[in-house]
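K.L.:
Generate coordinates for the sequence data below:
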Amino acid sequence: MMCHERSEILMEIARNGAISEAVKQESLEHCQHCATCAAELERQRVLTAGLRALRDASTALSASPALEQKLRAVFEQRQQNNRPVRWAAVAAGVAVIIAISWGVLKPRPVEQEFGSADRVVQEFIRVPYREVIPLEGGYVVRVEMPRSALVTFGVPTYGQGTEMVQADLVLGFDGVAHAVRVVR
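P.N.:
The predicted structure follows:
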């Protein structure tokens, strides 16, 4: 066993931890010949003694039983007063999340949401890195992105790459894009 592998064993020896007597004896014999491990064992013993002294000193600093009883009563009173407020806050939060998710995720017909007489809409182009599988449902989301980003969806781009364009993405229920079209 290498010295760096003995670190946890030396810590257990210093703390009188649960290790086998054979491992303990082997490690103590090793410490007689290895100054690094002997120093580590001594550091661990000093640390353990300091932690035990701190524990013993802090037990004498406990609050009186009367003070502890008063504190518990105050904490219980506050907890009882906050229960209805907490439940109301949780219920309101859930209601807000449901309302937002319904408004955002509710499927809407594409023509109704995005249709406009002054815009030319291309056909959807299948995203090249997706395998061809039947799409059992999803959403059409209108986004605005740099023209250069369309290349990642397999859409040929012309003009400046930093120009912003609007595009419709077909997202599956898993949130992955399946197709894209540019709205001009």
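K.L.:
confidence score at residue 89?
P.N.:
Here, the pLDDT recorded for residue 89 equals 69.
K.L.:
just residue 40 next, same as before
P.N.:
Residue-level confidence at residue 40 comes out at 90, pLDDT.
K.L.:
Identify the residues contacting whichever strand or helix holds it?
P.N.:
Assessed by DSSP states H and E, residue 40 sits inside helix 35-59. Around helix 35-59, the neighbours that count as contacts under C-beta atoms under 8 Å, 6 or more residues apart in numbering are 3, 6, 7, 10, 11, 13, 14, 15, 27, 30, 31, 32. Backbone N, C-alpha and C define where each C-beta goes, glycine included.
K.L.:
at 6 Å instead, please
P.N.:
3, 6, 10, 11, 14, 15, 30, 31 (C-beta atoms under 6 Å, 6 or more residues apart in numbering).
K.L.:
again with stretch 157-172
P.N.:
Around stretch 157-172, the neighbours that count as contacts under C-beta under 6 Å, 6+ apart are 135, 138-144, 146-148, 150-151, 177-183.
K.L.:
In ChimeraX, select just the buried ones from these.
P.N.:
Selection command for ChimeraX covering only the buried members of those, criterion 16 or more other C-beta atoms under 10 Å:
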select :138,140,147,150,177,178,179,180,181,182,183
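K.L.:
Can you tell me which of the contacts of stretch 157-172 end up in helices?
P.N.:
Under the assignment DSSP state H, those contribute nothing to helices.
K.L.:
where in the protein is pLDDT low?
P.N.:
60, 62-63, 81-89, 99-121, 129-135, 158-161 (pLDDT under 70).
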